[in-house]
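A.B. asks: generate a structure from the sequence data that follows.
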Amino acid sequence: MKYFGQPDFQHGEIPAVGVLLANLGTPDAPDTPSLRRYLREFLLDPRVIEMPRALWWLILHLFILPFRPAKSAALYRKVWTPEGSPLMAISNRQAAALQQVLSREIGTPVHVAVAMRYGNPSVRSALRELAGKGCRRILVLPLYPQYAAVTTGSTIDAVAAELMTWRWVPEIRTIHHYHDDPAYIRALAASIQEVWEREGEPEKLLFSFHGIPKRYFLAGDPYYCECQKLARVAAAEMRLPRERWEVSFQSLFGKEEWLKPYTDKTITAMAKSGIRQLDVVCPGFSADCLETIEEIDEQNREIFLHAGGERYRYIPALNDRPDHIRVIADLIHRNLQGWVKSPAEWSEETARCEAAESRRRAEAKQAEPVLEAAATGTERPALVDS
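C.D. replies: The predicted structure follows:
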């Protein structure tokens with residue numbers, strides 16, 4: 001087996017720390033071939049579809065991939081931007097903003113990379129990008145506030161699978177969730193209240209989360225509970241009476257039962273019960289994407305208005321809002337403790353001197369077996385010393 005390594009590793013590099021920001025994924029382009037590749041990778045993940053592999057392979061290749069990619073491509077074309085998909089464009093802005101904040105607040109060199117669990121940039125390419133920048137310690141942050149096996153769990157799977165192919169495995173830390181982080185809740189509440197102060201409050205606020213099959217929850221996945229807690233503490237932060245908010249689950253796939261109540265049926269029932277003004281927020285998403293823009297803001301708007309509603313408003317994800325970047329930066333700070341030093345503690349001059357001394361020792365060691373090999377006529381691997 002060949003392992004990924006860096007045989008040209010240079011002693012004298014200043015050690016750095018990497019932060020891997022991971023999200024679900026996006027196709028390379030809004031066309032059918034790109035969507036077919038993307039959907040195949042996504043739907044072949046055993047975390048996403050838990051059923052016998054042979055049976056699912058047949059269903060996927062005979063009934064889904066021949067038809068769904070073209071339909072999905074048409075939807076992506078509606079939301080595509082000059083910078084690519086909305087999720088990719090926003091993720092890049094988040095990473096750039098975090099890089100600025102962390103570089104300013106942490107003395108130790110820190111590099112931020114974006115990865116998509118499905119599509120590009122892949123988890124593999126992002127990890128190798130960080131390795132190329134000298135990161136021997138990497139913090140993995142899947143940008144899902146709630147843990148679910150199909151999202152955070154799958155991301156950790158992908159990281160582990162890639163590192164199984166590395167010769168020099170870095171130190172790894174992972175963040176599993178932050179659904180009840182007080183700063184995150186305050187930022188979420190602020191984003192809602194800013195809209196209300198500017199445009200008026202609705203009769204109801206709906207917290208809509210991506211669904212998962214009910215059997216995943218019954219098998220022990222904490223996702224449902226974390227969604228409920230997030231909604232509850234966010235409503236408490238806004239001092240919102242219980243009768244003014246609800247929780248639902250969107251984006252069903254297949255015919256089995258998923259977490260209920262379903263979003264489309266919930267907003268239909270609300271409109272028919274006399275609710276005329278509805279706001280919807282999707283706090284399971286750190287960045288807006290096809291699902292929030294097309295499904296929630298467009299499809300469900302039509303459903304609500306057609307059922308008798310009068311004003312439907314989608315409140316965007318936190319995206320690259322300054323308070324959201326602050327939340328993520330503080331989360332990273334807490335999880336990098338012991339790995340990094342503050343600007344006051346870290347000296348670039350000292351780090352360069354230590355790196356230079358490491359290089360000097362390594363070069364001295366590398367010279368020793370060369371002399372012995374010349375005398376004996378045999379080859380020996382060079383020794384290194386950092």
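A.B. asks: render the CA-only coordinates of stretch 267-286 in PDB, please.
C.D. replies: Provided in PDB are the C-alpha atoms of stretch 267-286 (Å, rounded to 0.1, in the frame of the first residue of the first chain):
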ATOM      1  CA  ILE A 267     -47.300  25.600   6.500                       C
ATOM      2  CA  THR A 268     -50.300  24.400   4.600                       C
ATOM      3  CA  ALA A 269     -52.100  23.600   7.900                       C
ATOM      4  CA  MET A 270     -51.100  27.000   9.300                       C
ATOM      5  CA  ALA A 271     -52.500  28.900   6.300                       C
ATOM      6  CA  LYS A 272     -55.700  27.000   6.400                       C
ATOM      7  CA  SER A 273     -56.100  27.600  10.100                       C
ATOM      8  CA  GLY A 274     -56.000  31.300   9.600                       C
ATOM      9  CA  ILE A 275     -52.300  32.200   9.900                       C
ATOM     10  CA  ARG A 276     -51.700  35.000   7.400                       C
ATOM     11  CA  GLN A 277     -48.100  36.000   8.200                       C
ATOM     12  CA  LEU A 278     -45.400  33.400   8.600                       C
ATOM     13  CA  ASP A 279     -41.600  33.600   8.900                       C
ATOM     14  CA  VAL A 280     -39.400  30.600   8.400                       C
ATOM     15  CA  VAL A 281     -35.800  30.200   9.600                       C
ATOM     16  CA  CYS A 282     -33.500  27.200   9.000                       C
ATOM     17  CA  PRO A 283     -31.000  27.100  11.800                       C
ATOM     18  CA  GLY A 284     -29.600  23.800  10.800                       C
ATOM     19  CA  PHE A 285     -27.700  25.500   8.000                       C
ATOM     20  CA  SER A 286     -24.600  27.700   8.500                       C
END
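A.B. asks: list the buried ones in that stretch?
C.D. replies: 267-268, 270-271, 275, 277-286 (16 or more other CB atoms under 10 Å). Any C-beta I mention is one placed from the backbone N, CA and C, and that applies to glycine too.
A.B. asks: most widely separated two among these?
C.D. replies: Ala271 and Ser286 (29.0 Å; CB to CB).
A.B. asks: pLDDT averaged over stretch 168-185 - what is it?
C.D. replies: Computed over stretch 168-185, the mean pLDDT rounds to 97.
A.B. asks: quick check: beta-bridge partners of the residue nearest to Pro109 when sequence neighbours are not counted?
C.D. replies: Closest residue to Pro109 apart from its sequence neighbours, by CB to CB, 6 or more residues apart in numbering: Ala16 at 3.9 Å. Per DSSP bridges, the residues bridged to Ala16 are Cys135.
A.B. asks: and Ala16, what is it in contact with?
C.D. replies: Ala16 makes contact with Thr108, Pro109, Val110, His111, Lys133, Gly134, Cys135, Arg136, according to CB atoms under 8 Å, 6 or more residues apart in numbering.
A.B. asks: please repeat the previous calculation with a cut-off of 10 Å.
C.D. replies: Thr108, Pro109, Val110, His111, Leu130, Lys133, Gly134, Cys135, Arg136, Arg137, Ile138, Val340 (CB atoms under 10 Å, 6 or more residues apart in numbering).
A.B. asks: how many neighbouring residues does Lys229 have?
C.D. replies: For Lys229, the count of nearby residues is 15 (other CB atoms under 10 Å).
A.B. asks: my guess is it meets Asp181, correct?
C.D. replies: No - counting by CB atoms under 10 Å, Lys229 does not reach Asp181; the two are 11.4 Å apart.
A.B. asks: low-confidence stretches in the protein?
C.D. replies: Applying pLDDT under 70 to the chain flags residues 1, 8-12, 354-358, 362-363, 366, 369-386.
A.B. asks: domains of it?
C.D. replies: Split into domains by automatic domain parsing, the chain comes to 16-179+322-335, 182-315.
A.B. asks: quick one: neighbours of Thr152, just the number.
C.D. replies: Residues near Thr152, counting by other CB under 10 Å, number 25.
A.B. asks: same question, Arg198
C.D. replies: Neighbours around Arg198, by other CB under 10 Å: 7.
A.B. asks: could you do His333 as well?
C.D. replies: So His333, with other CB under 10 Å, has 15 neighbours.
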